[in-house]
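Undergrad: Here you go, sequence then predicted model.
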Amino acid sequence: MSDFSGHLPGSREYRLLLIGLFFGGVATFAQLYATQAVLPSIAVDVGSGPAGAALTVSASTLGLAAAVIPWSLVADRIGRVPAMAIGVIAATLLGAVTPFAHDLGVLLALRLVEGVALGAVPAVALAYLSEEVSPRFVAAAAGSYIAGTTVGGLSGRVASGLISEFAGWRWGVASVVLLCVVAAAVFLTLVPAARGFVPGRSRAGKGVTVRRRLGLNLRSTVQLALYAQAFLLMGAFVAVYNYLGFHLAEPPFSLAPAVVTLLFLAYLAGTVSSPRAGALAVRYGRLPLLLAGIAMMAVGVGAMLLPSVAAVIAGLLAFTAGFFAAHAVASGWTPVAADAEARAQASSLYYLGYYAGSSLFGWALGLVFASAGWVVFLSAVLGMCVLALLIAAVALRSAPAGAR
């Protein structure tokens, strides 16, 4: 196992790994955001405002945020692939129960536990990639995995949104579960067994405690800056997608729910930009691509301020492409820049920040939207993007040359 230096592009194992993780991303993120496209319907059904309905998204992302570090510890002991398999299967079973919840409290509880199960894939996938792919190509491979997450997020939103139009939001969410059963089966069938993984108890550094592994990352300026990217950018991204539908349903747009659902097709911009950003990062370095992605997000926010459907669509496309480019670079950078003994925890902390931002800002910015309107809401989103860019520009220049 010590002679294994990682799969190379063009090999059968490399292709199976990318395809398997692609479908793992679909199975995870379709379920995670299945309720986002039907938030207005949920708000009417349960009698809550926009922020109250958005808790169905925040509950699942909060569960995921709480679970990523425990999942990384499980994966260190039993292996990356078994941990991801357990999580995907458990989440799919829980997702099948969710549409039967007729009480908001029960629905939120199920979404929370489902998020805990879903945490296995994002907590482990990037550590698995960093161990199984030749180091030079980890950024490109991470971009392909992120592309799968965009397809999952898109398919979950569009399927639930369109089907809910004629069958109700519960059937919309149920349809996503069927999609995830297929994606999970493909993932479990194709993803290769780990060759670069060494169980925690067998490592030369087995005396390194969990606290020390976490501490190694939390004392790193580079890691903290990457976690800040996850927290701020994901918070901004989820907030825009949570409340855009409410905004477009109001004058001067007054768009029908089915039309609003189709705007989630903007996710395809992320499907294109994430692998492209990963490939360009190999050539030009990670930091320039990260800064470019954040700048594109800011441009998109500016366009969405205009009272024009065409401008909102163009802005949403730029915002989405920029976010997934930045996320592909930052998430792939995290395990590469970490100590070898703490890679799984580095990725887990990144996703802890990522989903903590999603949970917090996905709900809190709804209060801003409801009380102050769309312009103030987007101004807050823009401020988060600018802060993330400044942190990256200052802190990540200190990354070791080999990790940039």
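TA: On my side now, so go ahead.

Undergrad: Low-confidence stretches in the stretch 201-350 of the chain?
TA: Within the stretch 201-350 of the chain, the ranges that satisfy pLDDT under 70 run 201-208, 344.

Undergrad: give the contact list for residue 142.
TA: 126, 129, 278, 328, 331, 332 (Cβ atoms under 8 Å, 6 or more residues apart in numbering). Where C-beta positions appear, they are placed from N, C-alpha and C, glycine not excepted.

Undergrad: Can I get those residues in a markdown table including secondary structure, neighbour count and distance to residue 241?
TA: Below are the contacts of residue 142 laid out as a markdown table (DSSP: H, G, I helix; E, B strand; the rest coil; neighbours: other Cβ atoms under 10 Å; distance: Cβ to Cβ, whole Å):
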| residue | secondary structure | neighbour count | distance to residue 241 |
| --- | --- | --- | --- |
| 126 | helix | 30 | 23 |
| 129 | helix | 29 | 26 |
| 278 | helix | 27 | 22 |
| 328 | helix | 34 | 18 |
| 331 | helix | 28 | 18 |
| 332 | helix | 28 | 23 |
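
Undergrad: ok, the residues you listed vs residue 262, which is closest?
TA: residue 328 (24.6 Å; Cβ to Cβ).

Undergrad: Please report how far the closest one lies from residue 355.
TA: Remark: distance between residue 328 and residue 355 (Cβ to Cβ, to the nearest Å) = 17 Å.

Undergrad: for residue 290, same thing?
TA: For residue 290, the distance to residue 355 - Cβ to Cβ - is 19 Å.

Undergrad: more crowded one of the two?
TA: Neighbour tally, residue 290 and residue 355, criterion other Cβ atoms under 10 Å: the higher count belongs to residue 355, 31 against 28.

Undergrad: Next up, the contacts around residue 144.
TA: Contacts of residue 144 by Cβ under 8 Å, 6+ apart are 18, 21, 22, 274, 275, 278.

Undergrad: try 6 Å this time
TA: 18, 275 (Cβ atoms under 6 Å, 6 or more residues apart in numbering).

Undergrad: State the distance from it to residue 271.
TA: Residue 144 is 10 Å from residue 271, by Cβ to Cβ.

Undergrad: ok, now residue 332?
TA: Separation of residue 332 from residue 271 (Cβ to Cβ) stands at 16 Å.

Undergrad: next one: residue 217
TA: 29 Å.
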